[in-house]
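J.: sequence first, then the predicted structure, then my questions.
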Amino acid sequence: MTDHCHSNACLIRRISVLTSLCIVISVMATSTVWAAGAGKCFWIHGRLSTYNGTSLLRIWPAGTKRLLGLCEAVCGDKEEGPSLPENVKQAMLSSLPWSIWGEFQVCPLTEERAGHMRYVRLESAKRLVAVSGYGHP
């Protein structure tokens with residue numbers, strides 16, 4: 001049987017199916033990258049603060065122009081908030097508005113790209129000092 005689909009409705013249906021397939025493949029590929037991680041965990045000295053936008057909590061590694069966005073698994077339109085170590089939660093409650101300086105162990109969820117925020121998972125923290133605003137202790 002030959003396909004004689006020449007109507008606009010048939011064409012739109014085919015385009016919709018192809019678009020849906022492309023979206024599914026794209027999501028599957030992105031999920032694999034997030035799940036696999038993007039490198040080994042490492043320690044940094046920096047400031048944890050709140051920001052506006054995707055990844056509400058971010059770490060500024062001291063002395064750099066970079067920001068690390070805290071995420072648990074997926075960031076972007078469907079961001080899942082980070083689970084924080086207990087000592088970080090306590091430091092957050094000690095001073096409002098706050099910034100927390102300390103040593104942070106982070107595990108990258110995305111590759112590092114110039115000009116883009118790198119997303120990480122916060123594993124642990126030590127030597128925490130809560131300060132008002134964005135100041136330094």
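T.: Yep, it's here. Numbering: from 1, shown residues only.
J.: please enumerate the strands of this structure.
T.: 42-50, 57-61, 68-70, 98-108, 118-132 (DSSP state E).
J.: what's the closest of these to residue 86?
T.: Residue 86 lies closest, by CB to CB, to one member of the strands of the chain: strand 118-132, at 9.7 Å. C-beta here means a position set from N, CA and C on the backbone, and glycine is covered the same way.
J.: buried ones in the closest one?
T.: Buried residues in strand 118-132, counted by 16 or more other CB atoms under 10 Å: 118-122, 125, 128, 130-131.
J.: got those as TSV, with pLDDT and distance to residue 111 columns?
T.: Below are the buried residues of strand 118-132 laid out as TSV (pLDDT from 0 to 100; distance: CB to CB, whole Å):
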residue	pLDDT	distance to residue 111
118	93	8
119	92	10
120	93	12
121	92	15
122	93	18
125	94	23
128	92	28
130	86	31
131	84	32
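J.: residue 47 is in contact with residue 60, correct?
T.: Yes. Using CB atoms under 8 Å, residue 60 makes contact with residue 47 at a distance of 4.9 Å.
J.: now, which of the buried residues of strand 118-132 sits nearest residue 85?
T.: Using CB to CB, residue 125 comes nearest to residue 85 of the buried residues of strand 118-132, at 5.5 Å.
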